[in-house]
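In: Here is a sequence with its predicted model. Questions after.
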Amino acid sequence: MCLIHLVKYLEYSKIDKQGRIVIPSRIRRLIGVEGEVEVLMRVEGGKIIVEPVSKDLEKRVEEWVKTVLNMRVEPFSEEVEETWKWMSEDYVKRKLGLLS
């Protein structure tokens, strides 16, 4: 499959001596970018991916992280009785190859 068939819109731009790129207005409109916007840039293989950053999303993630970090949860905080309701422990170990 030809890569050009996957592209919805293609337009050339240049990188100036200071490393700046002008994103054409049609592309900015297509992705909903207006005015001054913060972006996230990452490299995937030989490609540079530029994504607009949602301030609202950043704020929600920060709040979620604070909430999780403030939780006082201990893993395996309760004792669990080892029970085998419908098969024996030896049978399970044999099936898993843990018994010779």
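Out: The structure has been received and is ready for your questions. On a predicted model such as this, the values are computed, not experimentally measured, just so you know.

In: which stretches of the protein form strands?
Out: Assigned by DSSP state E, the strands in the chain fall at 39-44, 47-52.

In: The residue lying closest to Gly32 once chain neighbours are set aside pairs with what?
Out: Counting by CB to CB, 6 or more residues apart in numbering, Pro52 is the residue found nearest to Gly32 once chain neighbours are left out, at 7.2 Å. Bear in mind the C-beta positions are built from the backbone N, C-alpha and C, glycine included. In this entry, Pro52 is beta-bridged to Val39, by DSSP bridges.

In: that older thread, pick the most buried one from the strands of the chain.
Out: strand 47-52 (a mean of 11; mean count of other CB atoms under 10 Å).

In: Around Gly46, how many other residues sit close by?
Out: 5 (other CB atoms under 10 Å).

In: residues in contact with it?
Out: Residues counted as contacts of Gly46 (CB atoms under 8 Å, 6 or more residues apart in numbering): none.
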